[in-house]
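Colleague: A predicted structure for the sequence below; I have some questions about it.
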Amino acid sequence: MNNPIISAPDAEFSRKMMSSFIQISALVVLVYFCLEIVAPFVSLVVWGLVLAVAIFPLHLKLTSAVGGNEKIAVTIMILIGLVIVVLPGWMMTKSSILSIMGFAADAKAGTLVIPPPNESVAGWPIVGQRIFEFWSAAATNLEETLLSLDPTPREMSEWLVRRIGSLAGGVLQFAVSVIIAGVATLYSKSGYKLSCAILTRISPNRGQHLTDVSIATIRSVTNGVLGVAVIQAILAGIGLMIMGVPHAGIIAAVVLITAIIQIPALLILGPVAFWVFSFAAPIPATIFAVYLLLVSLSDNVLKPILLGRGVDLPAVIVLIGAIGGMIQYGVIGLFLGAVILGVGYTIISRWIQTADDSAASAAESG
């Protein structure tokens, strides 16, 4: 008969295996609950770190200007950032609420009047006739026209209220991210060392290079995507205000958002240009339309110049990573996608180059 008593080495192996299993299981459970606890703050922290990387060169210049005091420089940057973020967001939210309330009050009181469209509206390409018919119906009997809509005015107003609430919440979250970004710049050196250590575990001897690629990619996307979007929004806003278009600030904000998520600004500014032709003189309206067309197409010139600048990666890799990341993860994916694809491209390129070098060396030795 076989001896049922397990040998001492086997018993020791089983004991160690069970002990390792329990330790790993406990670690997995601990990590899971840690991630669950910090999950509500992940987007804020990620945005804060992205902003910190993007504004770090400005932080260095400002620190030098205030005599090397980093805390004063960070405080100034946080205050400026909050003014830039909170003030326009508050003004846009307030303007949207007042516009909706005014429209609702006029509609309820029966004092809302829609002027009839100009005959030239019917001549607009593709959509002109439909717009002319709907506009004429609204000018003749607004209440009946609104009731015929699907979704109904009530559903549309509820949707608008939800979007405005989401906008206000987004402004508040971004303000918190600005504060996190300011604090993160104070720990930039230790954060840089930590990033190098983590990426060294992924690719030995190249941790610092990959960290530098990630930093350069974030700044490239900031310039090439956010920078271009801000430029387009500002130029559009200036033109809209000069032409006297109502709610120019809201339209410019929509242009900013659509440009960030890579939707052509022409989809927003084109209808505005057509609408101006319905009340403005032909020459000013034509000049305005050409101006908006140039603003809409300016990203085709600015993006190749700014995107990929300062980063040792092909611009197409950065662009594909930014767009793909945005599709998967929203606006923050602009940065995450570009960084992940950039790091992956660098590692794979280095691996292929090493293999080619090894093959060449073997061929020469043979």
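Modeller: Noted; the coordinates are in hand. Residues are numbered from 1 along each chain as shown.
Colleague: now the helices for the protein?
Modeller: 8-65, 70-109, 128-140, 142-147, 153-186, 188-202, 207-221, 228-243, 248-260, 266-276, 282-297, 299-306, 315-329, 333-365 (DSSP state H).
Colleague: what's the average pLDDT for the second one?
Modeller: What it means is helix 70-109. Average pLDDT, helix 70-109: 74.
Colleague: ok, now the first one?
Modeller: Model confidence over helix 8-65 averages 83 on the pLDDT scale.
Colleague: nearest to Ala122, out of the helices of the chain?
Modeller: Ala122 lies closest to helix 128-140 among those, at 4.0 Å (Cβ to Cβ). Where C-beta positions appear, they are placed from N, C-alpha and C, glycine not excepted.
Colleague: enumerate the positions of that closest one that are buried.
Modeller: By neighbour count with 16 or more other Cβ atoms under 10 Å, helix 128-140 contains the buried residues 131-132, 135, 138.
Colleague: now for that helix, which elements pack on it?
Modeller: Other helices and strands packing on helix 128-140, by 3 or more Cβ pairs under 8 Å, 6 or more residues apart in numbering; DSSP states H and E, are helix 142-147.
Colleague: what sits against Ile251?
Modeller: 236-237, 240, 245, 268-269, 272 (Cβ atoms under 8 Å, 6 or more residues apart in numbering).
Colleague: distance-wise, check it relative to Asp212.
Modeller: Ile251 is 39 Å from Asp212, where distance means Cβ to Cβ, to the nearest Å.
Colleague: any idea how far Ile24 lies from Thr222?
Modeller: Ile24 is 40 Å from Thr222, where distance means Cβ to Cβ.
Colleague: the more surrounded of these two?
Modeller: Neighbours per residue, other Cβ atoms under 10 Å: of Ile24 and Thr222, the larger number sits with Thr222, 18 against 10.
Colleague: the residue nearest to that one when sequence neighbours are not counted: neighbour count?
Modeller: The shortest distance from Thr222 to any non-neighbouring residue, by Cβ to Cβ, 6 or more residues apart in numbering, is to Ala54 (4.2 Å). Counted by other Cβ under 10 Å, the residues lying close to Ala54 total 20.
Colleague: and Ala54, how close does it get to Val178?
Modeller: On the measure of Cβ to Cβ, Ala54 and Val178 end up 11 Å apart.
Colleague: the domain parsing of this structure - what is it?
Modeller: Here the domain parsing of the chain from automatic domain parsing is 43-186, 206-352.
Colleague: cheers, nothing more for now.
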